[in-house]
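Student: just to be clear, the model below is a prediction. Sequence and coordinates:
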Amino acid sequence: MDTPPPPPSPPPTGTSVPNPPPSYPADTKHPHPPPPRPPSTDSSAPWRYYLTSLAASLFLLYLVLPPTVTNTASALLPSPEPYFSADRFLASRLGYKLVADVPRALVPGGKGVKRGGEGRGRVIIIGDVHGMFHELVKLLEKTNYDPENDYLVFSGDMISKGPDSLKVLDLARSYSAGCVRGNHEDRVLLHWHDLQKKKRKGRKGGRHNGKHPRTAAASIDDLELDPEEDDEEEETVEVADDADDEFTTERIRNERKLAKSLSRKQAAWLDACPLVLRMKKVADLGQVDVVHAGLVHGVHLEDQDPKAIMNMRSLDKRRLTPLPEGERDGVHWADVWNRGEKERRKGDGEGPTTVVYGHYAAKGLDIRKYSKGLDSNCVRGGRLSAFVIGKNKEELVSVGCRTFLKD
């Protein structure tokens with residue numbers, strides 16, 4: 001038989017036992033709320049408040065002060081994420097070939113050949129031709145261009161605006177020249193592809209409504225014309241400034257007309273031009289990137305904005321991202337590029353990257369250590385320029401131009 005537990009010991013003499021709390025059903029609210037918590041004794045709370053306020057005030061000052069004041073402090077702030085890094089496949093999705101490498105056999109010095117040794121002849125990079133065929137021929141003669149040994153490269157905008165775009169295009173094709181896509185090639189090609197699409201739709205519609213395909217197509221003024229239907233030459237368009245006339249009705253009409261005159265082979269050749277033509281390990285220049293408009297320093301080629309490569313001139317002063325076309329109240333991207341290359345070479349000791357470009361006719365020739373701007377406004381009576389890279393030296397060659405577009 002189990003022995004019962006002993007009774008609890010009595011409390012010591014002189015002490016009182018507190019009454020046990022009453023029991024309540026589980027769903028009954030406790031009638032005695034807990035006592036209020038004593039005030040916090042954390043001495044760091046005011047400091048946290050002051051520091052948060054100070055950080056907010058400094059951020060507001062950074063936003064409202066002019067760039068000249070904030071430039072000095074900008075190095076202390078974290079760098080923003082690249083504005084185009086969210087979609088590094090944008091170029092391919094838009095149908096652009098982003099980067100193409102020039103074979104080493106075409107680069108002066110060749111593979112494994114030191115400066116001054118045996119190797120390929122020269123690379124001749126031409127600025128914006130804009131259909132000025134006669135000036136292009138003069139420039140090639142002045143450079144003593146040798147198709148057997150020299151590699152010819154066009155830095156974009158070889159067509160449009162001028163009188164002989166198709167002749168320039170056929171000359172480039174006949175010499176198997178290198179090229180990059182400029183903003184004018186881009187717009188003309190957009191017109192061309194749109195015309196082909198509408199032409200196909202027009203022919204399809206002609207079959208369904210009982211008309212001959214050509215009759216149906218002729219009712220749509222945007223369709224491709226036969227050569228005998230459009231023998232007029234490109235006419236002179238008088239404009240004041242390239243940025244101001246980019247999207248005028250006259251400009252669009254002329255681009256549409258040029259697009260109609262392109263053959264399929266000509267359009268396919270232009271379509272194959274990449275946005276960046278890259279030459280590696282060029283003596284004294286390091287890597288050479290040929291583009292039409294520019295690049296953002298510190299951003300990999302694969303992450304560059306394809307539209308900016310063809311169109312940009314200036315960068316936002318704070319964020320160092322390309323400004324929209326026509327906005328020039330910023331810093332020239334070449335300023336940032338040259339400063340960045342100088343600092344980068346101090347830090348890692350790697351070879352430089354030199355950018356050769358066109359597009360900026362308002363600045364004219366802009367030859368610096370790590371960038372070479374070649375658009376010298378030929379179509380408006382300036383000069384047509386070439387940057388010649390040889391085994392022993394680099395040189396600038398140019399010829400005078402007729403005035404085709406007038407201010």
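Tutor: Thanks, I have it. These figures come from a predicted structure and were not determined experimentally.

Student: domain assignment for this protein?
Tutor: Domain ranges of the chain: 90-180+274-400, 185-264, per automatic domain parsing.

Student: just put those domains in JSON lines and tack on mean neighbour count and distance to Tyr50.
Tutor: Bear in mind the C-beta positions are built from the backbone N, C-alpha and C, glycine included. Formatted as JSON lines, the domains of the chain follow (neighbours: other Cβ atoms under 10 Å; distance: least, Cβ to Cβ, whole Å):
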{"stretch": "domain 90-180+274-400", "mean neighbour count": "19", "distance to Tyr50": "27"}
{"stretch": "domain 185-264", "mean neighbour count": "14", "distance to Tyr50": "49"}
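
Student: would you point out the helix or strand in the chain whose mean pLDDT is lowest?
Tutor: Least confident helix or strand of the chain, by mean pLDDT, DSSP states H and E, is helix 213-218 with a mean of 33.

Student: give the buried residues for stretch 265-273.
Tutor: Buried positions in stretch 265-273, judged by neighbour count with 16 or more other Cβ atoms under 10 Å: 266-267, 269-270, 273.

Student: what helix or strand is Leu396 located in?
Tutor: Applying DSSP states H and E as the criterion places Leu396 in strand 394-400.

Student: that strand pairs with which strands, and in what direction?
Tutor: Sheet pairing of strand 394-400 (DSSP bridges) gives strand 383-389 (antiparallel).

Student: what sits up against the strand it pairs with?
Tutor: Applying Cβ atoms under 8 Å, 6 or more residues apart in numbering, the set of residues contacting strand 383-389 from outside is 108, 122-127, 129, 132, 135-136, 138-139, 143, 282, 285, 288, 356, 365, 367, 372, 374-378, 394-401.

Student: check Lys198 and give its pLDDT.
Tutor: At Lys198, the model reports a pLDDT of 88.

Student: His191 versus that one, what's the distance?
Tutor: Lys198 sits at a distance of 10 Å from His191 (criterion: Cβ to Cβ, to the nearest Å).

Student: just His184 next, same as before
Tutor: Taking Cβ to Cβ as the measure, His184 falls 11 Å from His191.

Student: ditto for Leu98
Tutor: The gap separating Leu98 from His191 is 22 Å, by Cβ to Cβ.

Student: and if you look at Asp164?
Tutor: Separation of Asp164 from His191 (Cβ to Cβ): 19 Å.

Student: show me where the stretch 151-300 of the chain has helices.
Tutor: Using DSSP state H, counting those that start in this stretch, the helices found in the stretch 151-300 of the chain span residues 165-174, 183-208, 213-218, 249-261, 264-271.

Student: want to throw the ones you listed into a markdown table with distance to Gly294?
Tutor: Formatted as a markdown table, those follow (distance: least, Cβ to Cβ, whole Å):
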| stretch | distance to Gly294 |
| --- | --- |
| helix 165-174 | 22 |
| helix 183-208 | 12 |
| helix 213-218 | 40 |
| helix 249-261 | 22 |
| helix 264-271 | 21 |
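
Student: those: lowest mean pLDDT?
Tutor: Mean pLDDT per stretch puts helix 213-218 lowest among those, at a mean of 33.

Student: quick one, strands of this protein?
Tutor: Taking DSSP state E to define them, one finds strands in the chain at 99-101, 123-126, 151-154, 178-179, 276-282, 286-290, 314-315, 331-332, 353-357, 366-367, 371-373, 383-389, 394-400.

Student: what about the residue nearest to Arg368 when sequence neighbours are not counted, distance to Leu140?
Tutor: Closest residue to Arg368 apart from its sequence neighbours, by Cβ to Cβ, 6 or more residues apart in numbering: Asn338 at 5.2 Å. Look at Asn338 and Leu140: by Cβ to Cβ, they are 29 Å apart.

Student: then His292?
Tutor: Distance from His292 to Leu140, by Cβ to Cβ: 20 Å.

Student: also Ser261?
Tutor: Counting by Cβ to Cβ, the gap from Ser261 to Leu140 is 24 Å.

Student: OK, contacts around Thr353?
Tutor: Applying Cβ under 8 Å, 6+ apart to Thr353 gives the contacts 286-289, 341, 370.

Student: dump the residues you listed into CSV; add pLDDT and distance to Leu405 as well.
Tutor: Below are these laid out as CSV (pLDDT from 0 to 100; distance: Cβ to Cβ, whole Å):
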residue, pLDDT, distance to Leu405
Gly286, 91, 36
Gln287, 94, 35
Val288, 96, 30
Asp289, 97, 29
Glu341, 92, 34
Tyr370, 96, 31
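
Student: is it possible to get a markdown table of the residues you listed that adds distance to Val102?
Tutor: A markdown table is the format used below for these (distance: Cβ to Cβ, whole Å):
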| residue | distance to Val102 |
| --- | --- |
| Gly286 | 14 |
| Gln287 | 11 |
| Val288 | 9 |
| Asp289 | 11 |
| Glu341 | 20 |
| Tyr370 | 19 |
